[in-house]
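Student: how would this look folded up:
(one chain, ligands or ions: 1)
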Amino acid sequence: MVVDAGDKAAKAEGVGARSEALEHGDAPRADDAPRDELPVLDAYGLSFGYGSERVWDQVDVALYAGEIGYLTGPNGAGKTTLLKCLAGWMSPRSGQIDVLGERFTGRSRAIRRQIAFVADVPAFYEDLTAREHIDFVLRANRAEREVVDRAERMLEAFGIAEFCNAYPSAFSRGMRQKLALVIALMMKPKLVLMDEPTGPLDPDARVLLGKLVQEAARDGAAVLLSCHHELPGVAPDVVYDLRDGRLREVDAHDSVVAGGASGPGAHDAGPVELGAGPDGCDGEPGTRDAGSCPGGVAGPCATAVGDGGSHA
Ligand SMILES: Nc1ncnc2c1ncn2[C@@H]1O[C@H](COP(=O)(O)OP(=O)(O)OP(=O)(O)O)[C@@H](O)[C@H]1O
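Tutor: Numbers count the residues shown, from 1 in each chain. The predicted model follows:
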């Protein structure tokens, strides 16, 4: 734990990344009043560059439990890079990332368990079927029956359950994205990071994802997703816009991406209707240690559905 008591007290009084942004004249939020709880995600003073190329500087991001944030900005602004840093996949050159009140450098397995990151091009293991990917994560987490059932309902709702004995390499882009989303969301992580999650999804799947994101927020997760278009039915609580190497909090009402949607706190497009679904994945929640899952738990999700590079 690196955040000391003084820092924590200051943040509880609203002196963290959120209020810093407001001090700099950016958009006020509906919940500007000092808050009792610590943010789920509190990153401040982040800077990053590839080699001598600076990507962004002095970036502050904060999200509280139940909040949905959009990360917007032009191509090449550094959204993917920022999400990878927040997920612990890459290290910023400076600054600090706290998750659930603990300093996070990407190495803490306990924190990684609480984070799900869906990369813009999810990658999968070549030698595991879709079903085996799901089971691998469920077993690594010693998932309860309820989680197993939820995973199955999500697969059904996305329309890919019947294909789960195939390898993801035989899936279409949209099907791989759906599988990645199920893996990421089924464990109910506390922090959900998604990089342009709607990219290859069809309209129905986008609507379903909107509902799943809302459900995750209602369950207390903080959700940050990069996007060029609004997620159907989801009005963000906060919009962070990244451009010219700087991150600014902009008014969620005015955000082009948010479409001037009904404003902060208005992410309410009704309940998810996943249906009863059949009874769970193959096999019982298992005994495999989470440590055997590269990247951690909601994190293997992240690793398994990762960077579009080293897997299938
Ligand atoms: N592995 C890398 N090595 C060197 N430069 C990189 C690397 N990855 C990204 N960049 C550069 O960093 C900058 C930010 O890229 P990034 O992918 O984070 O942007 P983005 O906002 O996600 O873009 P988009 O909206 O197109 O997905 C770009 O100038 C890009 O060329």
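Student: make it CA atoms for all contacts and neighbour counts henceforth
Tutor: Fine.
Student: Please give me every residue in contact with Asn165.
Tutor: 129-132 (CA atoms under 8 Å, 6 or more residues apart in numbering).
Student: Wasn't it part of a helix?
Tutor: No - if the criterion is DSSP: H, G, I helix; E, B strand; the rest coil, then Asn165 is coil and not within a helix.
Student: Check the spacing between it and Arg107 real quick.
Tutor: Distance, Asn165 to Arg107, using CA to CA, to the nearest Å: 33 Å.
Student: mind putting the contacts of Asn165 in CSV, neighbour count and secondary structure included?
Tutor: Output for the contacts of Asn165, formatted as CSV (neighbours: other CA atoms under 10 Å; DSSP: H, G, I helix; E, B strand; the rest coil):
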residue, neighbour count, secondary structure
Thr129, 19, coil
Ala130, 26, helix
Arg131, 21, helix
Glu132, 18, helix
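Student: Would you mind listing what in the protein touches the ligand?
Tutor: Residues of the chain lying close to the ligand (CA under 6 Å from any ligand atom) are 50, 55, 74-81.
Student: Show the buried residues in these.
Tutor: For the residues of the chain next to the ligand, a neighbour count by 16 or more other CA atoms under 10 Å gives the buried set as 55, 77-81.
Student: which residues of the stretch 101-250 of the chain fall in strands?
Tutor: Taking DSSP state E, counting those that start in this stretch as the test, the strands found in the stretch 101-250 of the chain are 102-103, 115-118, 191-195, 222-226, 238-243, 246-250.
Student: Most tightly packed of these?
Tutor: Sort the strands of the stretch 101-250 of the chain by mean neighbour count, taking mean count of other CA atoms under 10 Å, and strand 115-118 sits at the top with a mean of 32.
Student: Note down every partner strand of that strand and its orientation.
Tutor: strand 191-195 (parallel) (DSSP bridges).
Student: CA-only coordinates of the strand it pairs with in PDB, if you can.
Tutor: Taking Å, rounded to 0.1, in the frame of the first residue of the first chain, the C-alpha atoms of strand 191-195 are listed here in PDB:
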ATOM      1  CA  LEU A 191     -12.900  -2.300 -12.700                       C
ATOM      2  CA  VAL A 192     -13.800  -2.900 -16.400                       C
ATOM      3  CA  LEU A 193     -11.700  -1.400 -19.100                       C
ATOM      4  CA  MET A 194     -12.700  -1.800 -22.700                       C
ATOM      5  CA  ASP A 195     -11.000  -0.600 -25.800                       C
END
